[in-house]
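Engineer: show me how the following folds:
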Amino acid sequence: MTGTCEGVMQQAEKLLFNGQADEALALFSKEAENGNGRAMYFLGFILEHGLGHTAQDEDKAAAWFDKGQKAGDALATLAAARWLGMDDRYHLLTDAFPKARAMAEDNDCFAKVELADMYLSGGIMINFEEGIHLLSQACAMGYWYALEKMGDLCQEGLLVDKNDARAFAFYSKAATAGHDHYSEYQLGCAWYDGIGTAMDREKGLSLLKKAWKDGSSDAAYRLALIAENGIGIPPDEQKAALWYQRAAERGNTLAKGALGYFYEKGLGGLPEDMEKARTLYKEAAEEGDDESQFRLEVLEKSGKDRI
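Structural biologist: Residues are numbered from 1 along each chain as shown. Predicted structure coming up:
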């Protein structure tokens with residue numbers, strides 16, 4: 001590692017490319033404080049996707065993208081444009097888009113993925129063929145995030161034929177290339193449910209627990225559902241409560257609502273606590289969970305300690 005800005009950025013980008021988001025975050029933060037627009041872009045990227053042990057926060061991500069755009073970074077400008085209307089977006093991208101395109105042609109894998117996202121879902125033009133082409137190039141370079149995105153497309157059947165086996169293969173490559181907790185979570189679900197691969201619930205549980213340790217709130221929430229509903233194992237409300245707590249602590253909206261219900265009813269060894277239930281319902285409702293909104297309204301209107 002050198003003491004120059006360029007050397008720090010190179011190391012930070014290498015760390016992110018290898019899936020070491022926590023280590024990369026510390027370096028990007030220092031460079032962003034020094035006014036580096038590209039570092040601001042990467043801070044937004046990590047926050048937008050909740051990489052490593054960083055909680056997902058789209059508002060903070062948008063703020064960093066805006067700062068990076070004002071600092072003149074092309075990728076931050078592309079990312080910031082996603083939050084704008086078409087007219088404002090076009091004006092903002094007039095200069096940044098050609099710069100990002102040149103970066104992609106110079107084998108900047110991060111530029112390839114950002115451009116792919118613009119082509120596939122919200123740029124100044126929609127070009128599915130070019131978006132898939134750029135994403136495929138980033139996959140060939142071994143970038144775990146591109147592999148993960150291709151896995152999503154195959155799993156959901158968006159722009160490509162739905163193919164669970166191909167999705168499983170992409171997630172496997174992503175997890176190996178970048179130790180990415182999202183791909184570990186997807187692989188854990190695939191093994192546990194036997195989707196795209198043979199069913200192996202022991203391996204599935206192991207991967208879900210690894211994904212949680214690596215930062216995935218979704219993995220903790222899935223483990224809670226497995227324990228509560230007895231999916232492949234005897235039901236265990238105490239384990240479910242523990243996993244809901246772990247998922248909620250990492251900001252999982254659905255886990256907050258479920259944990260609120262456990263406090264409301266006194267399940268899983270938790271005490272009946274209407275105030276904690278209300279607090280959790282309110283948080284989940286503010287984050288878009290309709291069921292929590294309903295339960296909160298019933299609690300407030302009832303005037304009783306519990307439903």
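Engineer: what's the longest helix in this protein?
Structural biologist: helix 86-105 (DSSP state H).
Engineer: contacting residues around that one?
Structural biologist: 69, 74-75, 77-78, 80-82, 84, 111-112, 114-115, 118, 123-124, 134 (C-beta atoms under 8 Å, 6 or more residues apart in numbering). For glycine as for every other residue, the C-beta is placed from the backbone atoms N, C-alpha and C.
Engineer: and the next helix or strand after it, what's buried?
Structural biologist: Using DSSP states H and E, the helix or strand that follows helix 86-105 in sequence is helix 109-117. Applying a neighbour-count criterion of 16 or more other C-beta atoms under 10 Å, one finds 109-117 buried in helix 109-117.
Engineer: tell me the angle the helix or strand immediately after helix 109-117 in the chain makes with helix 109-117.
Structural biologist: Scanning forward in sequence from helix 109-117 by DSSP H and E, the next helix or strand is helix 128-140. Relative orientation of helix 128-140 versus helix 109-117 (axes from the mean of the first three to the mean of the last three C-alpha atoms, to 10 degrees): 150 degrees.
Engineer: from the contact counts, what lies against helix 128-140?
Structural biologist: With contacts defined as 3 or more C-beta pairs under 8 Å, 6 or more residues apart in numbering; DSSP states H and E, helix 128-140 has these neighbours: helix 109-117, helix 144-156.
Engineer: quick one: distance of the helix or strand following the last one to the chain centre.
Structural biologist: Spelled out, it's helix 144-156. Sequence-wise, the next helix or strand downstream of helix 144-156 (DSSP H and E) is helix 164-178. Remark: helix 164-178 is offset 16 Å from the chain centroid, using C-alpha atoms, centre = their mean, to the nearest Å.
Engineer: to residue 55, which of the helices and strands packed on helix 128-140 lies closest?
Structural biologist: With respect to residue 55, and counting by C-beta to C-beta, the nearest of those is helix 144-156 at 18.0 Å.
Engineer: for that closest one, give the mean pLDDT please.
Structural biologist: If you average the pLDDT over helix 144-156, you get 95.
Engineer: buried residues, it. List them.
Structural biologist: By neighbour count, and taking 16+ other C-beta under 10 Å as the criterion, the buried residues in helix 144-156 are 144-155.
Engineer: any chance of a markdown table for those, columns distance to residue 12?
Structural biologist: As requested, those are exported to a markdown table (distance: C-beta to C-beta, whole Å):
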| residue | distance to residue 12 |
| --- | --- |
| 144 | 16 |
| 145 | 15 |
| 146 | 18 |
| 147 | 20 |
| 148 | 20 |
| 149 | 21 |
| 150 | 24 |
| 151 | 25 |
| 152 | 25 |
| 153 | 28 |
| 154 | 30 |
| 155 | 30 |
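Engineer: closest to residue 13 out of those residues?
Structural biologist: Looking across the buried residues of helix 144-156 and measuring by C-beta to C-beta, the closest to residue 13 is residue 145, at 12.3 Å.
Engineer: ok, now which ones touch the closest one?
Structural biologist: Going by C-beta under 8 Å, 6+ apart, the list of residues near residue 145 reads 49, 113, 138, 174, 178, 180.
Engineer: check what pLDDT the second one gets.
Structural biologist: Same thing as residue 113. Taking residue 113 on its own, its pLDDT is 96.
Engineer: where's it relative to residue 167, distance?
Structural biologist: Applying C-beta to C-beta, to the nearest Å, the value for residue 113 to residue 167 is 18 Å.
Engineer: now do residue 283
Structural biologist: From residue 283 to residue 167 the distance is 32 Å (C-beta to C-beta).
Engineer: between these two, who's got more neighbours?
Structural biologist: Counted by other C-beta atoms under 10 Å, residue 283 and residue 167 do not tie: residue 167 has more neighbours, with 25 against 19.
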